Structure formats: structure tokens, C-alpha cells
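K.L.:
need coordinates for the below:
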Amino acid sequence: MNKINFAFFGTPDRAVIALDELKKAGLVPGLIVTQPDRPQGRKLVLTPPPVKIWAERGGVPFMQPENLDDPLAIEVLRHGNFDAFVVVAYGKILKKEVLAIPRRGALNLHASLLPHLRGSSPIETAILNDERNTGATIILMDELVDHGPIIAQARVSLDAWPLPADELARHIVVQGGRLLAESLPKWVAGDIEAQPQDHSKATFTKKISKADGLIDPNGDGYQNFLKYNAYMGWPGTYFFVERDGKKTRINITSAAFENGRFVIQKVVPEGKKETAWSGS
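P.N.:
All right, here's what the predicted structure looks like:
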């Protein structure tokens with residue numbers, strides 16, 4: 001078929017994984033839409049999102065609208081004459097007006113086997129729930145979150161469990177990127193029919209907050225290890241110790257599950273450097 005003209009919406013490293021898989025298959029977006037540069041780190045240095053860096057290195061046109069209601073952003077998208085949009089971890093909701101722009105609609109890669117684990121944290125929730133039977137789903141987006149009909153779906157094969165969230169994400173998004181590369185040309189050509197989800201079987205995830213990382217070191221060892229893996233990176237896992245009437249936050253940086261116990265190996269006490277944890 002003729003070259004596919006599509007726009008890619010994405011922001012973090014996970015979206016870059018999907019872009020790499022698409023590029024391997026000869027599918028490079030005509031436009032990338034990503035979020036604006038944001039201040040990061042203690043010094044609040046203005047930092048570009050990973051997808052912007054990918055676009056610049058590959059010479060792919062990009063834009064970073066603060067809001068997709070921006071008339072200029074809408075005009076750029078409309079004048080692109082796109083066959084489809086591809087959305088992977090963009091981080092913003094695409095409204096009906098935007099979804100209606102491309103000829104064949106907008107496809108979204110979701111990191112679960114929909115309708116299971118709809119929402120913003122399917123990877124973390126799968127780990128927390130000890131559900132290794134997971135995978136990637138590509139849907140035709142509608143106005144509701146993770147609600148649209150399914151274009152393609154695939155399970156991931158895992159040799160180890162549980163995995164840190166970023167590692168599980170890599171497995172799922174690599175599989176999903178390959179699924180996108182296989183499905184996008186067929187979808188644009190009209191060779192795939194979308195199948196409605198069974199909404200009666202839908203389950204939902206919640207937005208993660210920093211407070212979710214709190215653990216009880218004396219609690220269930222395996223559940224603590226699941227939480228440690230799910231929240232590795234952000235929000236991280238932590239607990240408090242009280243000495244001389246003062247409460248100190250202890251951030252866990254390294255841990256293991258050994259002989260049925262959650263073993264904390266390294267920590268960063270609030271305001272201090274990383275150190276081995278003695279358990280006292």
C-alpha cells in the first residue's frame with residue numbers, strides 16, 4: 001500500500017519504545033505531538049520529554065501544545081491530512097474534535113488486556129495484583145477512557161515475576177509496538193474490523209499518588225515486594241522510623257524477597273545519602 005501518513009502522540013520513554021518498533025517496520029510519523037518541556041530535578045532545569053528528543057534526532061516535525069484545544073494545534077492537525085493518529089502514553093485526553101480529524105481515527109496502545117485494567121496505571125496495578133497474565137491492546141479511541149473497540153491484542157511472555165514497573169512496561173510496549181507496526185497498515189487499508197469490548201468485564205485502575213508508596217516493613221513480605229516493584233522509580237516505596245520523638249522518612253532504594261521475607265537492602269534516609277539498611 002502507499003505510505004501511511006500518521007501523527008504520533010506520546011511523551012515518556014515508554015512512547016519512545018513504541019516509536020522505535022514502528023521505525024523498524026518502516027513506519028515513521030509525519031508529525032509528533034508531545035508535551036511541553038517541563039522543569040525537572042532539584043534545580044528545576046527545563047527538560048524536553050524523551051519523545052521530543054527522539055523527534056529531533058530523527059528529523060521528524062513535532063509540536064508541543066500546552067493544550068490540544070489550541071486553535072493553532074487543531075489547524076496543524078487538520079492540514080496534515082493524516083490517515084490515522086497513534087497514541088502511546090501521551091498524558092493528555094484527546095477530545096472528540098481531535099479524534100475526528102484523521103481519516104481512520106485514532107489508535108491507542110494500552111498496556112493491559114482490555115477491558116481489564118482500564119485507566120492510568122495498568123502496569124503498576126498488574127504488579128500490585130500479582131497478575132502476570134498481561135499484555136498489550138490496540139483500540140480505536142472514543143471519548144471514554146480505554147473504552148473503544150479492539151483492533152488487536154497480544155499477551156506478553158515473561159520469564160521472571162514480579163518485574164519492576166519500567167521493565168514490565170518495556171516488555172509490554174515492545175510487544176505493543178510490534179502489534180502497532182503490524183496492525184496500522186491493515187487498519188488504514190480497511191482490512192481489520194474493530195471488535196467492541198465486553199464492557200461488563202471492565203476493571204479499573206487508579207491514579208497513583210506519592211502517598212501510595214508507604215509500606216509497613218513488618219507487613220506481608222510478598223505484598224511489600226510487589227509494591228516495591230510496582231512503584232520503583234516513582235513514587236518509590238518508603239516508611240518512617242521514630243527516634244527521640246522525631247519521625248524520619250526512609251526511602252527504599254534496593255530490596256529483595258528472600259525466604260518469604262521482604263528484605264530491605266539499601267535506603268536513603270531523609271536528607272542523607274544512600275546507605276545499607278541494618279533494620280534498626
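
K.L.:
now do the same end-to-end measure for stretch 228-241.
P.N.:
Counting by C-alpha to C-alpha, to the nearest Å, you get 18 Å between the two ends of stretch 228-241.

K.L.:
next one: stretch 113-122
P.N.:
So stretch 113-122: terminal residues 9 Å apart, C-alpha to C-alpha.

K.L.:
what about that stretch, distance to the chain center?
P.N.:
Its chain's C-alpha centre and that of stretch 113-122 lie 11 Å apart, by C-alpha atoms, centre = their mean, to the nearest Å.

K.L.:
for residue 45, give the beta-bridge partners.
P.N.:
Using DSSP bridges, the bridge partners assigned to residue 45 are residue 40.

K.L.:
my read is that it contacts residue 39, right?
P.N.:
Yes - between residue 45 and residue 39 there is a contact under C-beta atoms under 8 Å: 6.6 Å. For every residue, glycine as well, the C-beta is placed using N, CA and C.

K.L.:
tell me which strands the top strand by length along the chain pairs with, and in which orientation.
P.N.:
Looking across the chain with DSSP state E, the single longest strand is strand 246-258. Here strand 246-258 has these sheet partners by DSSP bridges: strand 237-243 (antiparallel), strand 261-269 (antiparallel).

K.L.:
now tabulate those strands in TSV and tack on distance to residue 96 and mean neighbour count.
P.N.:
Output for the strands paired with strand 246-258, formatted as TSV (distance: least, C-beta to C-beta, whole Å; neighbours: other C-beta atoms under 10 Å):
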stretch	distance to residue 96	mean neighbour count
strand 237-243	39	15
strand 261-269	45	17
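
K.L.:
of those strands, which is nearest residue 150?
P.N.:
Evaluated over those, closeness to residue 150 peaks at strand 237-243, with 34.0 Å, by C-beta to C-beta.

K.L.:
run the chain-centre distance for that closest one.
P.N.:
Computed by C-alpha atoms, centre = their mean, the chain-centroid distance of strand 237-243 equals 29 Å.

K.L.:
avg pLDDT for it?
P.N.:
Across strand 237-243, the average pLDDT comes to 92.

K.L.:
what do you get for stretch 107-119?
P.N.:
Here the average pLDDT along stretch 107-119 is 98.

K.L.:
and the worst-scoring helix or strand of the chain on mean pLDDT, what does it pack onto?
P.N.:
Counting by mean pLDDT, DSSP states H and E, the chain has its least confident helix or strand at strand 38-40, which shows a mean of 90. When contacts are defined as 3 or more C-beta pairs under 8 Å, 6 or more residues apart in numbering; DSSP states H and E, strand 38-40 sits against strand 45-47.

K.L.:
show me what the longest strand of the chain is in contact with.
P.N.:
Residues outside strand 246-258 that contact it (C-beta atoms under 8 Å, 6 or more residues apart in numbering) are 215, 221-222, 224-225, 228, 236-242, 262-270, 274, 277.

K.L.:
ramachandran coordinates for the residue of the chain most remote from its centre?
P.N.:
Residue farthest from the centre of the chain, counting by C-alpha atoms, centre = their mean, is residue 244 at 41.8 Å. Torsion angles at residue 244 (phi, psi; degrees, to the nearest 10) stand at phi 50, psi 40.

K.L.:
same deal with residue 11?
P.N.:
According to degrees, to the nearest 10, residue 11 has phi -140, psi -60.

K.L.:
repeat that for residue 227.
P.N.:
When read as degrees, to the nearest 10, the backbone of residue 227 gives phi -60, psi -40.

K.L.:
check contacts around the nearest residue to residue 38 once chain neighbours are set aside.
P.N.:
Nearest residue to residue 38 in three dimensions, chain neighbours excluded: residue 47, at 6.3 Å (C-beta to C-beta, 6 or more residues apart in numbering). Residues counted as contacts of residue 47 (C-beta under 8 Å, 6+ apart) are 37, 38, 39, 40, 41.

K.L.:
what segments of the stretch 51-200 of the chain are helices?
P.N.:
Ranges of helices in the stretch 51-200 of the chain, per DSSP state H, counting those that start in this stretch, are 71-79, 96-99, 122-128, 165-189.

K.L.:
report the buried residues of the first one.
P.N.:
Taking 16 or more other C-beta atoms under 10 Å as the neighbour-count basis, helix 71-79 is seen to contain the buried residues 73, 74, 76, 77.

K.L.:
so what pLDDT did the spatially most central residue of the chain get?
P.N.:
Central residue of the chain (C-alpha atoms, centre = their mean): residue 89, 5.0 Å from the mean position. Listed pLDDT for residue 89 reads 96.
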